[in-house]
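dropping the sequence and predicted coords here.
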Amino acid sequence: MRLVILALAVAATAAASPAAAAVSRLGVFDDWQAYVVDEGKGKICYIHSVPKKSEGNYSRRGEVFMQITSRTTDKVANEVSFTAGYTFKDDVPVELQIDGQTFKLFTKGDTAWAFDGQADTAIVRAMIAGRELAVRGISSRNTRTSDLFSLKGFNAAHRASQRACDGR
């Protein structure tokens, strides 16, 4: 269900663009899925996963997922983002940990991103070498959450996404 919602959201965004867009699933790779959106003049390629385990003292929470996106039109590669399913507390970074290596992400609304392209690259490299990824955040209501993602299948999904956007 989560993946259907995400695919519909990407399709709706792409449909709003001047060029007609088609969303295609490139495949399911263990715990990760890869997609490509053909916008005619460029492509959006992304891989996506949902947590294996989520913790926190919350009564309700929306969709939670980790995503790596490349956009050929904007010349953006490997943009790291995390959607929490709640609004983050202002000016409090999110902590992302991959096999003991820690990264900080900035937040806006319900999404967190790496601070720059160099951080995106470092995170993706750690994900390629890693086994699991943990994300810790604080909601606007001061609720602390922790989400644990498996990196099983990440490398294959990432390769499929890069091939779709690079054409190799």
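Arrived safely, thanks for sending. Numbers count the residues shown, from 1 in each chain.

how many neighbours does the nearest residue to Ser140 once chain neighbours are set aside have?
Nearest residue to Ser140 in three dimensions, chain neighbours excluded: Thr87, at 4.5 Å (CB to CB, 6 or more residues apart in numbering). Any C-beta I mention is one placed from the backbone N, CA and C, and that applies to glycine too. Neighbourhood size, Thr87 [other CB atoms under 10 Å]: 15.

backbone phi and psi for Thr87, please?
The phi/psi pair for Thr87 (degrees, to the nearest 10) reads phi -80, psi 130.

now swap in Phe88 and tell me
Per-residue torsions, Phe88: phi -70, psi 150 (degrees, to the nearest 10).

wouldn't it be in contact with Ala112 here?
Yes: counting by CB atoms under 8 Å, Ala112 is a contact partner of Phe88 at 6.7 Å.

list the residues that contact both of the two?
Common neighbours of Phe88 and Ala112 (criterion: CB atoms under 8 Å, 6 or more residues apart in numbering): 94, 137.

so what's Arg71 up against?
By CB under 8 Å, 6+ apart, the contact set of Arg71 is 42-45, 79.

can you tell me which of those is nearest Arg159?
Ranked by distance to Arg159 (CB to CB), the contacts of Arg71 are led by Cys45 at 11.1 Å.

can you give me the strands in the protein?
In the chain, the segments counted as strands under DSSP state E are 22-29, 32-38, 43-49, 53-56, 65-71, 76-83, 94-98, 101-108, 111-114, 132-138, 144-150.

tell me the angle of the last one relative to strand 32-38?
I take that to be strand 144-150. 90 degrees (axes from the mean of the first three to the mean of the last three CA atoms, to 10 degrees).

please apply the same query to the third one.
Regarding strand 43-49 and strand 32-38, their directions subtend 160 degrees when assessed with the same axes, to 10 degrees.

packing partners of strand 43-49?
helix 2-15, strand 32-38, strand 65-71, helix 154-166 (3 or more CB pairs under 8 Å, 6 or more residues apart in numbering; DSSP states H and E).

average pLDDT for that strand?
Average pLDDT, strand 43-49: 96.

quickly run through the sheet partners of that strand, with directions.
Here strand 43-49 is paired, per DSSP bridges, with strand 32-38 (antiparallel), strand 65-71 (antiparallel).

what does the fourth one give?
Neighbouring strands of strand 53-56 in its sheet, by DSSP bridges, are strand 144-150 (antiparallel).
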